[in-house]
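Peer 1: Test case, fold it:
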Amino acid sequence: MTYPSLEIAVLAKAYAEGDLTPEAVLDAVYGRIDEIGERPVWITLVPRAEAERQLAAAQARAAAGEALPLFGIPFAVKDNIDVAGLPTTAGCPDFAFVPERSATVVERLVAAGAILVGKTNLDQFATGLVGTRSPYGICSSVFDARYVSGGSSAGSGVAVAAGLVSFALGTDTAGSGRVPAAFNNIVGLKPTKGAISTRGVLPACRTQDCVSIFAGTSGDALAVLRVAAGFDAEDPFSRRTPAAAVAAGAWPRGFRFGVPGDGLEFFGDTAAAALFEAAAARLEALGGTRVAIDFAPFRDAARLLYSGPWVAERLAAIRDFATSRPEAIHPVVRGIILGAEGLGAVDAFEGFYELARLARLAEAEWSKMDVLLLPTTGTIYTIEDLLADPVRLNSNLGLYTNFVNLMDLSAIAVPAGFRDNGLPFGVSLIGPAFADGALATLADRLHRDQGLAIGATGHLPAGAPLATVGANAPQDTVQIAVVGGHLAGQPLNHQLTRRGARLCRSTRTAAGYRLYNLAGMMPQRPGLVRDEEGLGGIEVEVWELSTAGFGSFVAEIPPPLTIGTVELADGTAVKGFLCETFAVAAAEEITSLGGWRGWLALSAEAAPVPAT
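Peer 2: So this is what the prediction gives:
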C-alpha cells in the first residue's frame, strides 16, 4: 500500500468517500514505526491492540450518530502530558508515575474520535529548545540527522514531520511548540495561555505553560485547536475562549505587520536572513504593509524567562524530586532548575515589576501593527555544537520565542523556505491574546503562497482555503525511489524538498539488485544496478513530486546515473535511480547493512583516527 497522507483534511475526505479506512491508516502508521524503530521519537508507544480498541469505541459512537470531528485521526502527546494507564516520565525515568486519569486535553481529543498512538520524547522536564536533553535518545531534524530537532517538544515535532501521526501535542513555555516546527518544516500553533486546559500537564512554569499543536498545515492545527480549547473549571489557569478566537479570520489589504526596525540577529546564518526577507516580501504581496517597530521591549522580556524569577517555577514543579534526587536529572537541566534555589520573594516581585514595565512599552509598538513577523529562530545548530555549548546556543534559539507567553500573546510558526543545504527555515506570526484563528488564517495564506512541502508528510495544495487545506491533494504526480545522496538527511535531498516533494515511505528493493559506490562523484553517492543474481533488499525511499517537478529534477541528474523503473519488495514498481553498468565494472559493491546509510556508517567507523 502507498503510504497515505496523514493530513486531517485528506483523511477525513478519504474516510467519507470510502477510499481509505482508519484500520488501513493504523496499519501504515504502526508499520512505519516498526521500520524506523521507537527510539528516539517515542518514549511509550500505545500497543496496537489498544489503538484498535480506541478505534472500535469511536466507530461505535459514530454509528450511534455522535459527531466526531477527529474520527480515526492518529495523534501523539508529549510525555509530560498525562495519559491514563501510561507512564508520565517527563524525560526522566526515575521520576515516572502512572496516572489514573488523562489530561483534560487528551480526554477532549479522544472524545472527538482521535486515536492516540503514543507519548513522545522531550527535553527533560520540558527544559530546553533543543531535543538533546533526554536519556531516551537525541531527536534530530528529519532533513539532516546531524542537526537538532528543536525542543523541548522534540519527539512530537519529529512524529508529525516524519509522517507518523497527523498531529501531536507539545507544550510551549519558551518556544517549545514552535522551534521544532521550524526545524522540521511543519506548523506549530502556540495558543493563547489558558485556551487549552493544562490540568494533567506536568508544569514547567505553571503561569506560562501552554499546550501546543504540531500539524502539517495551519488548517489542521486550527481544527485540532477547536476541539482542544475550552474552559476547564479544574484548571485554575483556564480561560473562557471566545468562539471567534478559534475561527478562521479575514485579513484586509493593508494589514500592518511589524518587523524590528534595528535589524535582526541571525548568528551568521545569511541564508536564514535572506529567507526571512523573502517571507516579509510575500506578506507584502498578500496585501500587508511592513512597519518598523522597536523590538527592545520584547527582547528584554525574553531574557527574563531564564534570568528572572520564572526559573523558580521550574523548581516549584519538581522541588521534592530535584532536591532529593538531583543525580537523576540531566546535568544541564539540573543546573538550570537548581540554580533557582537562591531566588526569593523580592526577586519575584522585581521580576513582575520589570515585566509590567516592558509590557507597557510594548503597547506602544502594538499600536503600530496588527501582527508581528519574526524568524522562529535566527539559525539552527548541529547536535555536536549544541552539546558542546548547551546553554548559550539554547539561549540563542529562544531570542524570538521566549517573550510570547510572558506578554500573553498568541503565535503560530510556519515553514518559510529551505536553505541551499536542504535545511528548513521558519517564521512566526505573533498577535494579541485570542488572535489564534486570525493568525492561523494568515499563516495559511503565507504557507500556501510558497508552495512548499510540509515536512515529510505531504503537499500544501495551492489555492485551497484554510478550512479545507489538504482536501484536494494534487493528482498529477510521480513517485520516485531514491537510494543514496537523495535520501532524507543526505546532501542532495534538498533537490527533492525544494520542489515540494513528500516522503511516501521507506522500503527495500526486490531481489535482483546490487548497489555500488561510485568513486569520484561529488557529493559521494552510489549506483543501483539490476542484476538478476543480486540479493536485493536494498534500502530506498519513495518520494512523490509533481510531474513538472519531476521533469526539472531529472534534468539535474548527471551520468552515469539515469532514471528507470525499480521493482520494490512488495512487488510494486516505481520510477527510480539506476546506474549504467559500464560505471560499476571496477566499483566497490556495497553489501553492508542493506543500503547506503548503513555503508556510510560502517565506513565512518572503519576510518582511521587522525594522530594527535
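Peer 1: For this structure, which residues score under the pLDDT cut-off?
Peer 2: Along the chain, the model assigns pLDDT under 70 to residues 1-2, 450-476, 591-594, 601-612.
Peer 1: mind running it again at 50?
Peer 2: 1, 451-475, 592-593, 605-612 (pLDDT under 50).
Peer 1: So which residue is dead centre in it?
Peer 2: Gly157 (2.9 Å; CA atoms, centre = their mean).
Peer 1: any idea how far the helix or strand hosting it is from the chain center?
Peer 2: Assigned by DSSP states H and E, Gly157 belongs to helix 154-161. Here the centre of helix 154-161 is set off from its chain's centre by 5 Å, with CA atoms, centre = their mean, to the nearest Å.
Peer 1: Just after that helix, pick out the following helix or strand.
Peer 2: According to DSSP H and E, the helix or strand after helix 154-161 is strand 167-172.
Peer 1: That following strand: partners in the sheet, and parallel or antiparallel?
Peer 2: Strand pairing for strand 167-172, using DSSP bridges, gives strand 74-78 (parallel), strand 210-215 (antiparallel).
Peer 1: which residues are in contact with the helix or strand following the longest one?
Peer 2: Downstream of strand 210-215, the next assigned helix or strand under DSSP H and E is helix 218-228. By CB atoms under 8 Å, 6 or more residues apart in numbering, the residues outside helix 218-228 that reach it are 7-9, 69-70, 75, 105, 108-109, 112, 114, 166-167, 169, 187-189, 191, 195-196, 211, 213-215, 246, 248, 412, 414, 436-437, 440-441, 443-444, 447, 466-470. From N, CA and C alone the C-beta is placed, and that goes for glycine too.
Peer 1: quick one: which of those residues sit in helices?
Peer 2: Among the contacts of helix 218-228, DSSP state H puts 8-9, 105, 108-109, 436-437, 440-441, 443-444, 447 in helices.
Peer 1: Show the buried residues in the residues you listed.
Peer 2: 8-9, 105, 108-109, 436-437, 440-441, 443-444, 447 (16 or more other CB atoms under 10 Å).
Peer 1: Could you dump those residues into JSON lines with distance to Leu374 added?
Peer 2: Listed next are those as JSON lines, based on distance: CB to CB, whole Å:
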{"residue": "Ile8", "distance to Leu374": "27"}
{"residue": "Ala9", "distance to Leu374": "28"}
{"residue": "Val105", "distance to Leu374": "27"}
{"residue": "Arg108", "distance to Leu374": "30"}
{"residue": "Leu109", "distance to Leu374": "29"}
{"residue": "Asp436", "distance to Leu374": "17"}
{"residue": "Gly437", "distance to Leu374": "20"}
{"residue": "Ala440", "distance to Leu374": "17"}
{"residue": "Thr441", "distance to Leu374": "18"}
{"residue": "Ala443", "distance to Leu374": "13"}
{"residue": "Asp444", "distance to Leu374": "18"}
{"residue": "His447", "distance to Leu374": "16"}
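Peer 1: wait, what's in contact with Ala174?
Peer 2: Neighbour list for Ala174: 129, 305-306, 398, 401-402, 405 [criterion: CB under 8 Å, 6+ apart].
Peer 1: of these, closest to Ala28?
Peer 2: Leu129 (31.2 Å; CB to CB).
Peer 1: Among the contacts of helix 218-228, the buried ones, what's the PyMOL command?
Peer 2: In PyMOL, this line selects whichever of those come out buried by 16+ other CB under 10 Å:
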select buried, resi 7+8+9+70+75+105+108+109+112+114+166+167+169+187+188+189+191+195+196+211+213+214+215+246+248+412+414+436+437+440+441+443+444+447+466+469+470
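Peer 1: Kindly tell me how buried Phe95 is, as a neighbour count.
Peer 2: Using other CB atoms under 10 Å, Phe95 has 19 neighbouring residues.
Peer 1: Next: Val404.
Peer 2: What Val404 shows, counting by other CB under 10 Å, is a neighbour count of 30.
Peer 1: got it, and Gly170?
Peer 2: 35.
Peer 1: likewise the one 5 residues further on?
Peer 2: Taking other CB under 10 Å as the neighbour definition, Gly175 ends up with a count of 34.
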